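K.L.:
please find the sequence and the predicted model below.
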Amino acid sequence: MKRAVLSWQGLVALVCTIAAMFMLPLYAAGASAPPSSATSALIALLAIAAALVSFAPISRTLAATALFVGAHGAAWLLLATLPGNEGFATSSFFLLLVAGWLLASRCVTELSELQPPAPAGRWLLRLLIPAIFGAWILIVWEAVSRGAGIPFVILPPPSAIWTRISGSLPILGEDIRQTIFKAVLVGYVIGCASGFVVAILADRFAFLRRGLLPIGNMVSALPIIGVAPIMVMWFGFDWQSKAAVVIIMTFFPMLVNTVAGLAASGNMERDLMRTYGSNYWQTLVKLRLPAAMPFIFNALKINSTLAMIGAIVAEFFGTPIVGMGFRISTEMGRMNVDMVWAEIAVAALAGSIFYGVVALAERAVTFWHPSIRGG
């Protein structure tokens, strides 16, 4: 049990809900299929009940559960009453939306204070908290874009983007195959691998380290919109030129991070290896490379996003009639904004999965590092 606490989120949510009830209806006159008074009362009842629960001296788990149900139940009913994309929502509608968002914020606050004893519980909590954040970005986006009647070409609602995604799976699949499975993955592997190898050589030979690192800083500052057309001229319009752009973008972050990581091992550890009679390569494999792994994986995570950006932007400067960058450029010219957002959503999802795979590999390889043990 916890002591009673006056949460500001619950208090403001309660005030917003009561004010919304005095300012009914939810939609202005002229809206098609306005919600019944019973639906409006149910939305307010869920919000008020969740706000009052946030003050009650109950366990954090029970409070978080009640807040989750109240906030998301009210939001679901609120979105279900939206009549198309007409823009007839009143102040009462937006006050209830703010109340739901505040209650969800309080739910996340309660969840973040929990310390589950089981690893499965901690893992579930790490997924649930960002999922609630992401869900409310979509809820607010959907409610504001439709409730305020934002023009479709400026900001389509998530429901329209999802409809476009579900209706364009073959096109999106071909774009993913061209951009991600060809340009991104090939360029990422070659760029990271070559950067790693050159970093080992630069660590072994001082003249390479002193000569390459300043050049790496300069090349990293090159604008991609200047490099991409040159690569298209050199390697053609197919995926090879995009992979070349990805190689350039990923090579030097890997080089710089690996060189820094190889210098991370302490002098005492190196002296110990020398007393054991270890040569350069034995010291490298058994001491310096393990110590450099956090730096190497940092470069891999940075490059996972750079590779996606590089390949998509490079497709703006010449590509076959397929690819995510090509589709974004073409559909924007046709004002098919929902297809543009569909490609952006798929690219963001693919990039997140890519980053997550690298992060999981990092946890498996660097399990001994304090940052992993503490997480």
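P.N.:
Here it is on my side, so go on.
K.L.:
tell me where the model's unsure across the stretch 1-150 of the chain.
P.N.:
Applying pLDDT under 70 to the stretch 1-150 of the chain flags residues 1-5, 30-35, 85-86.
K.L.:
all helices of it, in order?
P.N.:
Ranges of helices in the stretch 1-150 of the chain, per DSSP state H, counting those that start in this stretch, are 8-22, 37-53, 60-80, 91-112, 119-147.
K.L.:
now render these as a markdown table, adding distance to residue 253 and mean neighbour count.
P.N.:
Heads up, the C-betas are built off the backbone N, CA and C, glycines and all. Formatted as a markdown table, the helices of the stretch 1-150 of the chain follow (distance: least, C-beta to C-beta, whole Å; neighbours: other C-beta atoms under 10 Å):
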| stretch | distance to residue 253 | mean neighbour count |
| --- | --- | --- |
| helix 8-22 | 40 | 19 |
| helix 37-53 | 45 | 19 |
| helix 60-80 | 39 | 20 |
| helix 91-112 | 32 | 23 |
| helix 119-147 | 25 | 15 |
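K.L.:
using CSV, lay out these together with distance to residue 307.
P.N.:
Formatted as CSV, those follow (distance: least, C-beta to C-beta, whole Å):
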stretch, distance to residue 307
helix 8-22, 39
helix 37-53, 43
helix 60-80, 36
helix 91-112, 32
helix 119-147, 23
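K.L.:
of all those helices, which one is nearest residue 344?
P.N.:
Among the helices of the stretch 1-150 of the chain, helix 119-147 comes nearest to residue 344, with 13.1 Å by C-beta to C-beta.
K.L.:
next up, the contacts around the nearest residue to residue 295 once chain neighbours are set aside.
P.N.:
Using C-beta to C-beta, 6 or more residues apart in numbering and skipping residues adjacent in sequence, the residue nearest residue 295 is residue 261, 2.9 Å away. By C-beta atoms under 8 Å, 6 or more residues apart in numbering, the contact set of residue 261 is 291-296.
K.L.:
try it again with 6 Å
P.N.:
292, 295-296 (C-beta atoms under 6 Å, 6 or more residues apart in numbering).
K.L.:
now residue 140
P.N.:
Residue 140 makes no contacts at all, as judged by C-beta under 6 Å, 6+ apart.
K.L.:
quick one: buried residues of stretch 322-335?
P.N.:
322-329, 331 (16 or more other C-beta atoms under 10 Å).
K.L.:
now distance to residue 338 and secondary structure too, for those residues, in a markdown table please.
P.N.:
Output for the buried residues of stretch 322-335, formatted as a markdown table (distance: C-beta to C-beta, whole Å; DSSP: H, G, I helix; E, B strand; the rest coil):
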| residue | distance to residue 338 | secondary structure |
| --- | --- | --- |
| 322 | 19 | coil |
| 323 | 19 | coil |
| 324 | 15 | helix |
| 325 | 18 | helix |
| 326 | 17 | helix |
| 327 | 12 | helix |
| 328 | 12 | helix |
| 329 | 16 | helix |
| 331 | 9 | helix |
